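Chemist: Requesting a structural model of the entry that follows:
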Amino acid sequence: MSTPEFKNLLCTYGAAAFDKQIQLSDLIANRSFQVDLNQRHIEFCGGDSLTIPIRLLGTESDGDSTWLWSWANSASNLPENLVRAAVRLRQIGKNAAISEFVDPKLSVVHGPVGEEIDGHRIAMIASGLEEADTYYRAPYTGGAAFLLLQDPFNLKGKPYSSLSPVPLNTIANRFPQFISAIAVPDHWKAFVSYLKFYRVDHTVEDGQVVARSGKSQLTAEFDELHRLKRIQGKLQSDKELH
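Modeler: Residues are numbered from 1 along each chain as shown. Take a look at the predicted model:
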């Protein structure tokens, strides 16, 4: 069972992380990859190769369905710089009583809404806490390593959301995809956090969140349990989105 703090972080960072993963998928397409832990980078091969610095969060085992934090993997003698992000998350966990970040080994849980714990959810939160980073699941025989990718979009330290304005129709399309793929207990919080990530002006009006950008307007309606009921907008193209 995941802690309330873990659930809250997933609501805060989940939608933005999901968005970043879509853009990463578009960037690397179907390329093969090679990971060099000593050099701390991953290379996506095919066409123009793409080499991106990495940090290792942890590994997920298929055999016993467990997550092992990289800082707890003493048998592998991992370089300090490689596990630095995971160490920072452990400290955050100690400060905020987030046991998922402190316990060296976790059982992977697929259960009721908001109770799930797995490498994807841990990495989504980590990519949010580490700001501009995305993550990559690198499979190997018997499991997968979850890697934070540093600056894959060449941001050079700028906030990810400063890349370019994101149209409201993109948010309207991706948010329902996110809550369909990743169960979060509070759609309202997740949506507002997503708007804040992209610095979109918004107001709360009678159970609705209304976002505005230029002449475009997007309205998301929620029920009393903060679950999304519908999302629709008047966009710059003058087409109605339902």
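Chemist: Please point out which parts of the lengthiest strand in the chain sit buried.
Modeler: When the chain is parsed with DSSP state E, its longest strand is strand 50-61. Across strand 50-61, burial judged by 16 or more other CB atoms under 10 Å covers I52, P53, I54, R55, L56, L57, G58, T59, E60. Placement of C-beta: from N, CA and C, glycine included.
Chemist: Make a markdown table out of those residues and add distance to D19.
Modeler: Below are the buried residues of strand 50-61 laid out as a markdown table (distance: CB to CB, whole Å):
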| residue | distance to D19 |
| --- | --- |
| I52 | 18 |
| P53 | 21 |
| I54 | 20 |
| R55 | 20 |
| L56 | 23 |
| L57 | 19 |
| G58 | 23 |
| T59 | 25 |
| E60 | 23 |
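Chemist: on that earlier part again, and the next helix or strand after the longest strand of the chain, which residues are buried?
Modeler: Following strand 50-61 in sequence order, the next helix or strand is strand 66-69 (DSSP states H and E). Going by neighbour count (16+ other CB under 10 Å), the buried part of strand 66-69 is W67, L68, W69.
Chemist: Not counting its own residues, what contacts strand 66-69?
Modeler: Here strand 66-69 makes contact (CB atoms under 8 Å, 6 or more residues apart in numbering) with 57-61, 86, 90, 104-108, 117-119, 122.
Chemist: List just the nearest of the residues you listed to P4.
Modeler: I117 (13.1 Å; CB to CB).
Chemist: ok, the residue nearest to V209 when sequence neighbours are not counted - contacts?
Modeler: Leaving aside its chain neighbours, V209 sits nearest to A220 (4.7 Å; criterion: CB to CB, 6 or more residues apart in numbering). Shown in contact with A220 (CB under 8 Å, 6+ apart): F175, F191, Q208, V209, A211, L228, R230, I231.
Chemist: out of those residues, which are buried?
Modeler: Here, 16+ other CB under 10 Å leaves F175, F191, V209, A211, L228, I231 buried among the contacts of A220.
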